[in-house]
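Peer 1: With the sequence up front, the predicted model follows.
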Amino acid sequence: MYSAFQRHDVETAPEKSKPLLRQLLEHSGPNGFYAVTAESPETLTAYAALHKAFMASSFTNEEKTVVWQSINVENQCHFCVPAHTYMAKAMKIDKPVSNALRDETALPTKRLEALRDFTLLLLRNHGHASDVEISKFLSAGFTHQNMLEVVLGLAQKTISNYVNHLARTPVDKQYEHYAWKKSG
């Protein structure tokens, strides 16, 4: 029988999670992902560090959104797709880009499409890419640094997608308007 994860707050979280959980919740408001991830101070710390690093990457906000949502949709993360739709709006990402990512339809530029394709290639092939596939990504205007930053985004999203799958994290109120189910 399934045993539900505890949703921690700053009072109930393990001691080692409390300072970081307090900081994350002050920045984001109530967040079910942080509430369940706090059970493991190490996982919460790793996720926060990966998020900070990815935010500092050379990608534009639009490109970060492409990486995140491509992974979220592919992994069918019921929590992360709405959360990143909310974030995309806050980051002023054009609605057609956000909708195309959620609906798995064509993106408005070949460059963004190349980024989604490469992200999904690495995700589906566990990091393997042929010389031709790498060259195609580079010829779209991306760099070796960008390839490594896609890997960084994959690491970040693996933690959040998998935690949300295991914990069956309910979608937070602020994200409910963006609820999502994979089409088909």
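Peer 2: Sure, I can see it. Residues are numbered from 1 along each chain as shown.

Peer 1: how about the helix or strand encompassing Ser160: buried residues?
Peer 2: Element membership for Ser160 (DSSP states H and E) is helix 144-167. Neighbour counts over helix 144-167 (16 or more other Cβ atoms under 10 Å) mark 146, 149-150, 152-154, 156-157, 159-161, 163-164, 167 as buried. The C-beta positions use only the backbone N, C-alpha and C, and glycine is treated the same way.

Peer 1: ditto for stretch 19-37
Peer 2: Residues of stretch 19-37 classed as buried under the neighbour-count rule (16+ other Cβ under 10 Å) are 20-21, 24-25, 31-37.

Peer 1: Following the chain past the strand or helix carrying Ile71, name the next helix or strand.
Peer 2: Using DSSP H and E, the element containing Ile71 is helix 61-74. For helix 61-74, the succeeding helix or strand toward the C-terminus, using DSSP H and E, is helix 80-90.

Peer 1: by how many degrees do the helix or strand following that next one and helix 80-90 diverge?
Peer 2: Downstream of helix 80-90, the first helix or strand assigned by DSSP H and E is helix 95-103. Per axes from the mean of the first three to the mean of the last three Cα atoms, to 10 degrees, the angle that helix 95-103 makes with helix 80-90 is 170 degrees.

Peer 1: Would you mind getting the angle between helix 95-103 and helix 61-74?
Peer 2: Relative orientation of helix 95-103 and helix 61-74, computed by the same axes, to 10 degrees: 20 degrees.

Peer 1: Mind checking the pLDDT average for helix 95-103?
Peer 2: Computed over helix 95-103, the mean pLDDT rounds to 97.

Peer 1: Against which helices or strands is that helix packed?
Peer 2: Secondary-structure packing of helix 95-103 (3 or more Cβ pairs under 8 Å, 6 or more residues apart in numbering; DSSP states H and E): helix 61-74, helix 80-90.
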